[in-house]
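>>> Predicted model follows, preceded by the sequence.
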Amino acid sequence: MKTCYLTDTGKVREHNEDNLIILNNDNNEYLLAVADGMGGHKAGEVASSIAIECLKEEFNKINTIGNKNSAIKWLREKVTEINNRIFEYTGLHEESMGMGTTLVMALLTNDYLLFGNIGDSSGFVFKDKRLFKVTKDHTLVNLLISTGELTNKEAETHPKKNILMKALGAVNPAEIDVFDVEKDISGILLCSDGLTNMLSQEQIETVLNSNIKIEEKVARLITKSNNRGGSDNISIAYLEQESGES
């Protein structure tokens, strides 16, 4: 198993509001997470940091995540805890009122693969040299697409394409979507929308199929995103499975 995660401020934003992590334990269980913060006065940076630090703290407390049902319960409980921590923080720091964060996670064990998300950070699996998106963005345009009011093509240039319908810190209680995914894959890619707004899935696939080290793949994706404008912070958490590991 090979992993790499990297974040970059991009070419436009003054500071980086993304946070991310890849963790693994002695039971060969991996937790990947990317959080894309929002809010003025660097508050988004605080919200995403609260999310990632909570996951890190809680994952490192346990020896194993347990069976699939236990893992789903754990993911939901951690999201509730993160949301509560964000609301507690805003209650004590008036200037941070309205801060929030997206969160996308993947949990890979010897027995199952789960994804969880809230907001518009994305989770993909890489299989047969192609990317397949697992998560569904909680955005206004996705809602309009689902009701038939917008086409996918129209959504790409919609003036309100970045409006979120769900995020941590926005509503209490908050719930994530959980996806149970087949383990027969070659990779897991989590990213903030700073990557997916700059590069198409085909462009990302081209880099992931390159015969280079995993660290170079992740760095190249960030470089390409910046070359195309780098209009947002860019964060990527990537895991590659060796053949026979799944």
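That came through fine.
>>> strand partners of the longest strand seen in the chain, parallel vs antiparallel please.
Among all segments of the chain classified by DSSP state E, the strand with the greatest residue count is strand 30-38. Strand 30-38 has the following sheet partners, assigned by DSSP bridges: strand 18-24 (antiparallel), strand 100-101 (antiparallel), strand 103-108 (antiparallel).
>>> Buried deepest among these, which one?
strand 100-101 (a mean of 31; mean count of other CB atoms under 10 Å). C-beta here means a position set from N, CA and C on the backbone, and glycine is covered the same way.
>>> Double-check that Ile236 belongs to a helix.
No - secondary structure assignment places Ile236 outside any helix; it is strand (DSSP: H, G, I helix; E, B strand; the rest coil).
>>> What count of nearby residues applies to it?
The local packing of Ile236 (other CB atoms under 10 Å) involves 25 other residues.
>>> what pairs with it across the strands?
The residues paired with Ile236 through beta bridges, assigned by DSSP bridges, are Leu6, Cys191.
>>> I'd say it and Asp18 touch.
No - Ile236 is not in contact with Asp18 according to CB atoms under 8 Å; the separation is 9.7 Å.
>>> who touches both of those two?
Common contacts of Ile236 and Asp18, defined by CB atoms under 8 Å, 6 or more residues apart in numbering, comprise 7, 34.
>>> Tell me how many other residues surround Glu57.
There are 11 residues near Glu57, going by other CB under 10 Å.
>>> Over to the one 5 residues further on?
Residues within reach of Ile62, counting by other CB under 10 Å, total 13.
>>> swap in the one 4 residues further on?
When neighbours are defined as other CB under 10 Å, Gly66 has 15 of them.
>>> so where do the strands sit in the chain?
For the chain, strands defined by DSSP E occupy the ranges 2-8, 18-24, 30-38, 100-101, 103-108, 113-118, 122-127, 130-133, 177-181, 187-191, 234-240.
>>> With distance to Phe59 and mean pLDDT as extra columns, can I get those in TSV?
Output for the strands of the chain, formatted as TSV (distance: least, CB to CB, whole Å; pLDDT from 0 to 100):
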stretch	distance to Phe59	mean pLDDT
strand 2-8	14	97
strand 18-24	5	97
strand 30-38	5	97
strand 100-101	18	96
strand 103-108	9	98
strand 113-118	13	98
strand 122-127	17	97
strand 130-133	25	97
strand 177-181	16	97
strand 187-191	15	98
strand 234-240	14	98
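>>> Can you tell me which of those is most buried?
Sort the strands of the chain by mean neighbour count, taking mean count of other CB under 10 Å, and strand 100-101 sits at the top with a mean of 31.
>>> So in the protein, which helix runs the longest?
Scanning the chain for the helix with the most residues, using DSSP state H, yields helix 68-92.
>>> what does it contact?
Counting by CB under 8 Å, 6+ apart, 43, 46-47, 50-51, 54-55, 58, 65-66, 96-101, 103, 105, 107, 109, 111-112, 114, 116, 118, 168-169, 172-176, 178, 180 sit against helix 68-92.
>>> Try it again at 7 Å.
Outside of helix 68-92, the residues within contact range by CB atoms under 7 Å, 6 or more residues apart in numbering are 46-47, 50-51, 54-55, 58, 65, 96-97, 99-100, 103, 105, 107, 111-112, 114, 116, 118, 168-169, 172-174, 176, 178.
>>> Could you report the pLDDT at Glu154?
Each residue has a pLDDT score; the one for Glu154 is 69.
>>> got any ranges where the chain has weak pLDDT?
Counting by pLDDT under 70, the low-confidence segments of the chain come to 40-41, 154-155, 159-161, 243-246.
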